[in-house]
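> next come a sequence and a model predicted from it.
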Amino acid sequence: MTDTSALPAVAIAVAPNGARKTRADHPALPVTPDELAACARDCLDAGAAMLHLHVRRADGRHSLAAADYRPAIEAVRRSVGDALVLQLTSEAVGIYAPPEQIAMVHELRPEAVSVALRELVPDAGHETDAADFFCWMARERIVPQYILYSDGDVLRYLDLRRRGLIPPAGHGVLFVLGRYSQGQRSAPSDLLPFLAAWHGGGELTAGVPWSMCAFGAREAGCALTAALLGGHVRVGFENNMLLPDGSTATDNAALVRGIAERLQSLGLAPMTAEALRTLYHPDA
């Protein structure tokens, strides 16, 4: 077995289900707490450092209700303990408004949460409430990952940083290469506008971990491009169910394992959850 302890490390997050997919899309889509717990264990063994968690209502629809989140959180923690960073989603999916998204995080106080700037700060009128929320998460050491869908979103993030509405440390960003649309396919070149805007931020982006997610069979190519350029990666059934050869993956762990093996072939190692936590909070 190759010793990867001295290799540069890349965090692999897995997004195993998302808000929109059903078992009609894939029979191995994990939905129930027990299924998510088993998926977490398999993805940990395959090389993941983070689990990006979506849960459902009893009728199968997307949920941000604490009562729906808690059984899944408890099941995952029983399965893997602290060996994965557990990141909740605050995604609106056209159902939830910013006050409800914020209230969920206040109630559950998760280790980490993804927040889309487009949803939490859609206009200047939402800036005060969003800034209060972002500063509260920093005080509570909850790690937000700000979801950015375009280079314009990167510029918005930088503006909020410059004005102090987003605290400077203890968070990351996620570049979404493409859109949630029928037949969406991402390409490694989709990363370039994000990075041009990101590097234009100068000292504002120094030390802030960035990750990417992509759609379609080129997810792996996008992920490896990001890793070689200094980023981290998110894969999984939320955005993609295909292997690089175009065949359907058997499960989420197959996607994670494929990325982990390719990283090692390039002289990079999958990062552990412990190392990822240190990346966000080096003073811990």
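Now that the structure is in, tell me what you want to look at. Computed from a prediction, not measured in an experiment: that's the story for all the values here.
> show me the contacts for residue 122.
Going by Cβ atoms under 8 Å, 6 or more residues apart in numbering, residue 122 touches residue 98. For the C-beta atoms, the positions are set from N, CA and C on the backbone; glycine is no exception.
> so how far is residue 84 from it?
Distance from residue 122 to residue 84, counting by Cβ to Cβ, to the nearest Å: 31 Å.
> ditto for residue 128
Residue 128 is 34 Å from residue 84, by Cβ to Cβ.
> tell me the pLDDT at the nearest residue to residue 143 once chain neighbours are set aside?
If the residues on either side of it in the chain are set aside, residue 143 comes closest to residue 112, at 4.1 Å by Cβ to Cβ, 6 or more residues apart in numbering. Residue 112 is assigned a pLDDT of 98 by the prediction.
> quick one, helices of the stretch 101-250 of the chain?
Counting by DSSP state H, counting those that start in this stretch, one finds helices in the stretch 101-250 of the chain at the ranges 117-120, 127-140, 151-162, 191-199, 219-228.
> out of these, flag the one nearest residue 78.
Comparing the helices of the stretch 101-250 of the chain against residue 78 with Cβ to Cβ, the closest turns out to be helix 127-140 (23.9 Å).
> and that closest one, C-alpha only, in CSV?
C-alpha atoms of helix 127-140 as CSV (Å, rounded to 0.1, in the frame of the first residue of the first chain):
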residue,chain,number,x,y,z
GLU,A,127,-27.8,42.0,4.1
THR,A,128,-28.3,43.0,7.7
ASP,A,129,-30.0,39.7,8.7
ALA,A,130,-27.5,37.7,6.6
ALA,A,131,-24.5,39.5,8.2
ASP,A,132,-25.8,38.8,11.7
PHE,A,133,-26.2,35.2,10.8
PHE,A,134,-22.7,34.9,9.3
CYS,A,135,-21.1,36.5,12.3
TRP,A,136,-23.1,34.3,14.7
MET,A,137,-21.8,31.2,12.9
ALA,A,138,-18.2,32.5,13.2
ARG,A,139,-18.7,33.0,17.0
GLU,A,140,-20.2,29.5,17.3
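> contacts for that helix, please.
Residues contacting helix 127-140 (Cβ under 8 Å, 6+ apart): 98-99, 102, 105-106, 109, 113, 120-121, 143-144, 160, 164-167, 169-171.
> select only the buried ones of these in ChimeraX?
A single ChimeraX command selects the buried members of the contacts of helix 127-140 (16 or more other Cβ atoms under 10 Å):
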select :98,102,105,113,120,121,143,144,160,165,166,167,170,171
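> picking that back up, which of the helices of the stretch 101-250 of the chain sits most buried?
The highest mean neighbour count among the helices of the stretch 101-250 of the chain, using mean count of other Cβ atoms under 10 Å, belongs to helix 219-228: a mean of 23.
> who are the packing partners of it?
helix 191-199, strand 210-214, strand 232-235, helix 252-265 (3 or more Cβ pairs under 8 Å, 6 or more residues apart in numbering; DSSP states H and E).
> quick check: closest non-adjacent residue to residue 211.
Nearest residue to residue 211 in three dimensions, chain neighbours excluded: residue 232, at 4.1 Å (Cβ to Cβ, 6+ apart).
> got the contact list for that neighbour?
Taking Cβ under 8 Å, 6+ apart, one finds 10, 11, 12, 13, 172, 209, 210, 211, 212, 226, 271 in contact with residue 232.
> specify which member of the residues you listed is nearest to residue 46.
Ranked by distance to residue 46 (Cβ to Cβ), the contacts of residue 232 are led by residue 12 at 8.3 Å.
> need phi/psi at that closest one.
Per-residue torsions, residue 12: phi -100, psi 120 (degrees, to the nearest 10).
> run through the bridge partners of it.
Taking DSSP bridges as the rule, residue 12 bridges to residue 233.
> dump the helices of the stretch 101-250 of the chain into a markdown table; add mean pLDDT as well.
What follows is the helices of the stretch 101-250 of the chain, written out as a markdown table (pLDDT from 0 to 100):
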| stretch | mean pLDDT |
| --- | --- |
| helix 117-120 | 97 |
| helix 127-140 | 98 |
| helix 151-162 | 97 |
| helix 191-199 | 97 |
| helix 219-228 | 96 |
